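> generate coordinates for the sequence data below:
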Amino acid sequence: MADRLSTLDNNFLTMERGEMPMHMGALMVFEGPAPSYGELRAAIESKLDRLPRYRQRVRGIPLQVNAPVWVDDPHFSLDYHLRHIALPKPGGEEQLQALTAQLLGQRLDLSRPLWETWIIEGLDGGDWALLNKTHHAMVDGKGGAEMITALMDREPNAAPAESEAWDPKPEPGTTELISSAISDRIVDPMRAMEQLGEAAQAPREFATQTAAKVAGTLRTGERLLHTEDFLIGPVGPHRRWVWVELDLDTVKQIKRSLGGTVNDVLLAATTGGFRALLLERGADLSLAATVRTMIPVSVRNRAGGESGNAVSAVFADLPVGEPDPLTSFNTIRADMERLKKSPDALAVPALLDAATFISPTLLATAGRLAARMPQRSVGTVTTNIPGPQYPLYFLGRQMTGLIPFVPLGPRVRVATALMSYNGGVWAGIAADYDAVPDVEQIPEGMSAAVATLAMLAQAA
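The predicted structure is shown next:
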């Protein structure tokens, strides 16, 4: 029987709507010259055996008695998923950011395999790029990095991959889908009956509570409540996307001199970015002002899966009101050290495991409610994805940049993804087009924060 989507995977599908596409992404920049479309097509086709999800689509279950399943797409066409476009002159970073933001704002076709790849020509200096979009239901950040690595080569003169002929497996029939869905659900019948009883007595309240659990943005007590909600509000359908490259050796030197971890330094840089944005807007920042961020935490090794989502989350307050960079860094370092010793990161997987017994119809309702809930707790999302620390090649061309993209969440207007690759760290900042027209202040503030910390580290 086909693989079933996990609760979290399915939630990313149910949360998607017109103004909130839920795909991950990455922009990969390569040395020129650009390959032809035919060369690109042949290279990706030769590696599809490594990426089985690329030829599968989501199949819903009749009556929604369980989560959807992955099935081979008998009408799979590689040409549908590969697109070709060129930058307008002069082909600089400004034009590249505008074009990729527009492409990333467009939703994937949920009736087909959930990915697209665009080859972009016309970059200044003769370079070219690949923009990859993969739905969050199919992969998380770390899995996306592994997917990119699977498409690349370790050597510039790597022999072409040989792929076997692919014959899609027959799609399961309605009877098979329903019987399998029911048998998968009869894991704990008493718990299932309890859940259904709760839902029958108060269906909307039950769905709202489930929405809070699945969204992971509410928690018992007041630990997620704060007054500095600068960036929360309605999200529109269009995106801005900017980025900045940081030097990984510099980040590591800061860590060695000032203590903490690479992630602490990157969070301090992100704090500097948001502080710059808010000061430019004229925000009256008190010393205690913070922006709360959700930080996804990979549990992929524990989950043991190669695809789908294997993440938990912790929540941290970025001290944007603190003017002293060293004090800000030490505050972040202490907060992250405390979070490492806290059981909070285990809360989301436990809740999602419990949701296995919830009716998919209720989960779908919960997901839609979560996307509309007026949450006033999480101001942004910050994810740090470790990438390969060696050069990668595609069709003999070296990849010189790897910029990650993470989608916006419900009422979250800015999200930052950081990814390291071959001595660099790229921060990709996605933002709502109308609400954050000044998003370029964030990468500028991040660069300034790292430069300041580097000087303090050198002095130390």
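
> next one, pLDDT for the most centrally placed residue in the chain please.
Note on the chain: the residue nearest the mean C-alpha position is V406, at 3.6 Å, using C-alpha atoms, centre = their mean. Per-residue pLDDT puts V406 at 94.

> cool, and the one 5 residues further on?
As summarised for this prediction, R411 has a pLDDT of 88.

> so it touches I232, yeah?
Yes: using C-beta atoms under 8 Å, R411 is in contact with I232, at 5.2 Å. Quick note: C-beta positions are derived from backbone N, CA and C, even for glycine.

> go through stretch 162-174 and flag the buried ones.
Of all the residues in stretch 162-174, those buried under the rule 16 or more other C-beta atoms under 10 Å are P172.

> and the contacts of it?
1-2, 45-49, 55, 59, 62, 69, 71-74, 76, 180 (C-beta atoms under 8 Å, 6 or more residues apart in numbering).

> at 10 Å what do you get?
For stretch 162-174, contacts defined as C-beta atoms under 10 Å, 6 or more residues apart in numbering pick out 1-2, 45-50, 52, 55-57, 59, 61-63, 69, 71-76, 177-180.

> for the record, mean pLDDT for that stretch?
The average pLDDT within stretch 162-174 is 83.

> do stretch 182-198 as well
53.

> now the strands for the protein?
Shown for the chain, the strands assigned by DSSP state E span residues 23-30, 56-59, 69-72, 82-86, 115-121, 128-135, 239-247, 291-298, 311-318, 380-385, 393-394, 397-405, 414-421, 424-432.

> can you pull the contacts of the residue nearest to D3 when sequence neighbours are not counted?
Closest residue in space to D3, ignoring its immediate chain neighbours: W70 at 4.7 Å, by C-beta to C-beta, 6 or more residues apart in numbering. With contact set as C-beta under 10 Å, 6+ apart, W70 has these partners: 2-5, 9, 52-53, 56-59, 113-114, 137-138, 307-308.

> at 7 Å instead, please
A2, D3, R53, Q56, V58 (C-beta atoms under 7 Å, 6 or more residues apart in numbering).

> for it, name its beta-bridge partners.
V58 (DSSP bridges).

> how about stretch 435-442: buried residues?
For stretch 435-442, burial by neighbour count (16+ other C-beta under 10 Å) applies to A435, V436, V439, E440, Q441, I442.

> can you list the residues you listed in JSON lines and add distance to E162?
JSON lines is the format used below for the buried residues of stretch 435-442 (distance: C-beta to C-beta, whole Å):
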{"residue": "A435", "distance to E162": "49"}
{"residue": "V436", "distance to E162": "47"}
{"residue": "V439", "distance to E162": "44"}
{"residue": "E440", "distance to E162": "45"}
{"residue": "Q441", "distance to E162": "49"}
{"residue": "I442", "distance to E162": "45"}
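
> show me which of the residues you listed is closest to G272.
Distance to G272 across the buried residues of stretch 435-442 (C-beta to C-beta) is lowest for I442, with 8.9 Å.

> give me the buried positions along stretch 19-39.
20-31, 34-35.

> hmm, I was thinking of stretch 145-164
Result for stretch 145-164 [16+ other C-beta under 10 Å]: buried residues A145, E146, M147, I148, L151, M152, D153, A161.

> and stretch 88-106, by the same measure?
So for stretch 88-106, counting by 16+ other C-beta under 10 Å, buried means G91, Q95, L96, Q97, L99, T100, A101, L103, L104, G105.

> give me the contacts around it.
Contacts for stretch 88-106 (C-beta under 7 Å, 6+ apart): 21, 25, 27, 87, 118, 120, 122-124, 131, 133, 237-242, 405.

> only alpha carbons, please: show it as PDB.
Output of stretch 88-106 as PDB, limited to C-alpha atoms (Å, rounded to 0.1, in the frame of the first residue of the first chain):
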ATOM      1  CA  PRO A  88      15.500  41.300 -17.600                       C
ATOM      2  CA  LYS A  89      18.700  43.300 -18.100                       C
ATOM      3  CA  PRO A  90      21.000  44.200 -16.400                       C
ATOM      4  CA  GLY A  91      20.400  40.800 -14.600                       C
ATOM      5  CA  GLY A  92      21.600  42.000 -11.200                       C
ATOM      6  CA  GLU A  93      20.600  41.000  -7.700                       C
ATOM      7  CA  GLU A  94      17.600  43.400  -7.700                       C
ATOM      8  CA  GLN A  95      16.100  41.800 -10.800                       C
ATOM      9  CA  LEU A  96      16.800  38.300  -9.500                       C
ATOM     10  CA  GLN A  97      15.100  39.000  -6.200                       C
ATOM     11  CA  ALA A  98      12.100  40.500  -7.900                       C
ATOM     12  CA  LEU A  99      11.700  37.600 -10.300                       C
ATOM     13  CA  THR A 100      12.200  34.800  -7.800                       C
ATOM     14  CA  ALA A 101       9.800  36.500  -5.300                       C
ATOM     15  CA  GLN A 102       7.100  36.500  -8.000                       C
ATOM     16  CA  LEU A 103       7.700  32.800  -8.800                       C
ATOM     17  CA  LEU A 104       7.800  31.800  -5.200                       C
ATOM     18  CA  GLY A 105       4.400  33.600  -4.600                       C
ATOM     19  CA  GLN A 106       2.700  31.200  -7.100                       C
END
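
> quick one: mean pLDDT over that stretch.
Mean predicted lDDT for stretch 88-106 stands at 94.

> cool, and stretch 445-460?
For stretch 445-460, the per-residue pLDDT averages 96.

> where does it sit relative to the chain's centre, distance-wise?
Stretch 445-460 sits 28 Å away from the centroid of its parent chain (C-alpha atoms, centre = their mean, to the nearest Å).

> buried sites along that stretch?
By neighbour count on 16+ other C-beta under 10 Å, the buried set for stretch 445-460 is G445, M446, S447, A448, A449, V450, T452, L453, A454, L456, A457.

> on that earlier part again, quick check, nearest of the buried residues of stretch 145-164 to P323?
A145 (35.1 Å).

> how close does that closest one get to S420?
Applying C-beta to C-beta, to the nearest Å, the value for A145 to S420 is 10 Å.

> for P410, same thing?
28 Å.

> circling back to that earlier point, could you tell me which of the contacts of stretch 88-106 count as buried?
Here, 16+ other C-beta under 10 Å leaves 21, 25, 27, 87, 118, 120, 122-123, 131, 133, 239-242, 405 buried among the contacts of stretch 88-106.

> looking at the contacts of W70, spot the one nearest K255.
For these, the nearest to K255 is R53 (35.5 Å; C-beta to C-beta).

> wait, that closest one touches T134, no?
No: applying C-beta atoms under 7 Å, one finds R53 not in contact with T134, separated by 8.5 Å.

> of the two, who's got more company?
Set R53 next to T134 and count neighbours by other C-beta atoms under 10 Å: T134 wins out with 25 against 22.

> quick check, the more buried one in contact with W115.
Yes: between T134 and W115 there is a contact under C-beta under 7 Å: 4.7 Å.

> common neighbours of the two, please.
Counting by C-beta under 7 Å, 6+ apart, nothing touches both T134 and W115.
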